[in-house]
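Novice: missing the sequence, but the structure's below:
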């Protein structure tokens, strides 16, 4: 559960009220044609030929909205309304994000391998995961903002570097680190 001022947001853990994503502000309204269940979009058909090579079911796809910029603006407004910028410095945001990653980890702890799509999870467990992953993402986006990292552009640069380090022709089907491959 995301806590930005030392207290659990929204009350007791696991007892979360439903909330509006935009707080009544139409500038941040989230509109999507994708059905959403428990904070997660249902699987949608792929539009990328890279996503499915005919070797299995269609891959999961995120809903197109909100964008990272929408999320950044919503969180900035949320933080501004509460005068929490004084607490939201890079180090604090990083530590808070690590704490949230720990909460995600707790949900997977002692389960052994978990199949893609979480077929053995209850709806309540899926909802809790959606909330904890959302906390991680909110902190990540706010940390990137405070560090002036244009996250979408940084991802594009990093993916280009990863393609150079891990050319598909060399690494296909292998989990070795790039330093273990011979030229």
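Specialist: That came through, no problem. All values reported here derive from a predicted model rather than from experimental measurement.

Novice: Quick check: which ranges of this protein have low pLDDT?
Specialist: Residues of the chain that meet the criterion pLDDT under 70 lie in 1-56, 183.

Novice: Strands along that one, start to end?
Specialist: Taking DSSP state E to define them, one finds strands in the chain at 36-37, 40-41.

Novice: Could you give me the buried positions within the helix ranked longest in the chain?
Specialist: The longest helix of the chain (DSSP state H) is helix 123-146. Neighbour-count burial for helix 123-146, counted by 16 or more other C-beta atoms under 10 Å, picks out 126-129, 131-133, 135-136, 138-146. Backbone N, C-alpha and C define where each C-beta goes, glycine included.

Novice: go on, stretch 148-161?
Specialist: For stretch 148-161, by 16+ other C-beta under 10 Å, it's residue 151.

Novice: Tell me which residues are up against that stretch.
Specialist: 68, 140-141, 144 (C-beta atoms under 8 Å, 6 or more residues apart in numbering).

Novice: same check, this time on stretch 162-175
Specialist: Contacts for stretch 162-175 (C-beta under 8 Å, 6+ apart): 178, 181.

Novice: what's the span of that stretch from first residue to last?
Specialist: Stretch 162-175 stretches 13 Å from its first residue to its last (C-alpha to C-alpha, to the nearest Å).

Novice: show me what contacts residue 108?
Specialist: Counted by C-beta under 8 Å, 6+ apart, residue 108 has contacts residue 114.

Novice: Let me see the ranges of the helices in this protein.
Specialist: Assigned by DSSP H, the helices in the chain fall at 68-81, 90-108, 123-146, 151-165, 168-171.

Novice: Make CSV out of the ones you listed and add distance to residue 61.
Specialist: Below are these laid out as CSV (distance: least, C-beta to C-beta, whole Å):
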stretch, distance to residue 61
helix 68-81, 16
helix 90-108, 21
helix 123-146, 16
helix 151-165, 17
helix 168-171, 21
